[in-house]
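> Need coordinates for the following:
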Amino acid sequence: MRRPPALVLVNPAARGGTGQERLARAWPELVARFAPLPVELDGAGRWRGALRHALDAGVRHFVAAGGDGTVGSLADALWHARDRVPLSAVTLGAIGLGSSNDFHKPARATRAGVPLRLDGAEWRDVGCVRYADETGAERERAFLVSCSFGVTASANAFFNRGDPLLRAIRRRWTAGAIAYAALHEIARGGGVALELVRPDGRERVRAASLSVLKTAHLAGGLSFDTPVRANDGVLAVNLVEDRGRLATLGMLLSLARGRFVGRPGARHWSLPGLVVEAGVPVPLEIDGEVVRASRARFDVLAERIRACA
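Numbers count the residues shown, from 1 in each chain. I've put the predicted structure just below:
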């Protein structure tokens with residue numbers, strides 16, 4: 001049987017630079033299903049030209065070989081190329097080479113410890129965040145997994161940036177490195193002042209963390225027990241109020257057990273959209289990548305994407 005072509009966006013820097021080695025483990029599963037066209041993720045964005053060329057050539061299958069940031073980047077590029085091909089006409093698969101791989105959870109298939117989403121297809125919502133960056137310029141990006149403000153965002157930034165101790169831990173123990181990054185940011189404390197604009201009104205909050213989710217999984221082994229589905233047309237918005245370092249640490253331990261509902265300072269909404277105003281640029285995490293934003297609007301796009309199961 002003739003295998004369909006698939007552009008494979010490869011992030012060799014995933015998981016501390018071990019992306020290629022991990023991809024080699026999963027490669028037999030990939031070539032059993034597709035005729036892969038590998039393209040390396042580069043900071044200058046030259047890979048986006050290769051993606052548009054592939055769409056023009058009739059390629060309709062795309063695979064993100066990296067972490068959640070690679071998945072988000074690929075979804076964003078496909079959305080921005082919708083003038084060529086509708087988002088609903090393509091299929092997105094993934095090979096989890098990253099540190100957390102929340103897009104894959106719960107992992108339905110693996111190869112040599114590498115999570116895979118290469119079979120079948122199910123409709124999945126695509127979120128969109130439009131934000132004002134630290135220069136005041138308006139930006140927009142599609143996302144599939146989650147966005148966050150507060151300790152989650154700053155911990156992601158620290159995890160990506162690292163320090164000598166974190167880099168040493170990350171080479172040997174990914175879950176430990178994620179926990180260390182979270183503890184490092186909790187120790188800094190402070191929370192972030194935000195104004196939430198929901199359909200039912202405005203509210204000022206001081207957040208230890210604010211998560212906008214299309215999955216119950218946050219990072220590492222952390223997860224929420226609030227309702228959220230990949231294709232329900234709404235965003236799960238989970239707020240952890242800032243009640244001090246010990247309270248935030250307690251919430252982190254609860255999330256490690258998958259418990260959020262009913263905890264002190266825990267609040268949840270299911271919303272079609274949300275506006276968050278910070279006033280000054282603060283870290284905003286989008287599918288594992290961190291920018292700085294003073295304002296952000298989150299919505300669910302009308303058009304869905306077919307994602308491999």
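> Hmm, residue 219 and residue 175 touching each other?
No: counting by Cβ atoms under 8 Å, residue 175 does not reach residue 219; the two are 9.7 Å apart. Where C-beta positions appear, they are placed from N, C-alpha and C, glycine not excepted.
> Among the two, which residue is more densely surrounded?
Shown here are residue 175 and residue 219; by other Cβ atoms under 10 Å, residue 219 has more neighbours (25 against 14).
> what's near enough to touch the closest residue to the more buried one other than its chain neighbours?
Nearest non-adjacent residue to residue 219, counting by Cβ to Cβ, 6 or more residues apart in numbering: residue 100, 5.0 Å away. With contacts defined as Cβ atoms under 8 Å, 6 or more residues apart in numbering, the neighbours of residue 100 are 67, 68, 174, 178, 219, 220, 288.
> quick one: which of the residues you listed sit in strands?
Counting by DSSP state E, the contacts of residue 100 place residue 219 in strands.
> Return the distance of the residue nearest to residue 219 relative to residue 45.
Taking Cβ to Cβ, to the nearest Å as the measure, residue 100 falls 23 Å from residue 45.
> Repeat that for residue 221.
Residue 221 is 33 Å from residue 45, where distance means Cβ to Cβ.
> what's the answer for residue 85, then?
The gap separating residue 85 from residue 45 is 19 Å, by Cβ to Cβ.
> Which one's more surrounded, these two?
Using other Cβ under 10 Å as the criterion, residue 85 and residue 45 rank with residue 85 on top: 17 against 10.
> Give me the three-state assignment for that one.
Under DSSP: H, G, I helix; E, B strand; the rest coil, residue 85 falls in the coil class.
> Over the helix or strand hosting residue 116, what's the mean pLDDT, rounded is fine.
Using DSSP states H and E, residue 116 maps to strand 114-117. Strand 114-117 shows a mean pLDDT of 96.
> so what strands line up beside it?
strand 91-96 (antiparallel), strand 109-111 (antiparallel) (DSSP bridges).
> just the helices in the stretch 1-150 of the chain please.
Assigned by DSSP state H, counting those that start in this stretch, the stretch 1-150 of the chain shows helices spanning 14-17, 19-33, 47-56, 68-80.
> Check the model's average confidence along the second one for me.
Across helix 19-33, pLDDT averages out at 93.
> The third one now?
Per-residue pLDDT values across helix 47-56 average out to 96.
> can you give me the angle that helix makes with helix 68-80?
Relative orientation of helix 47-56 versus helix 68-80 (axes from the mean of the first three to the mean of the last three Cα atoms, to 10 degrees): 50 degrees.
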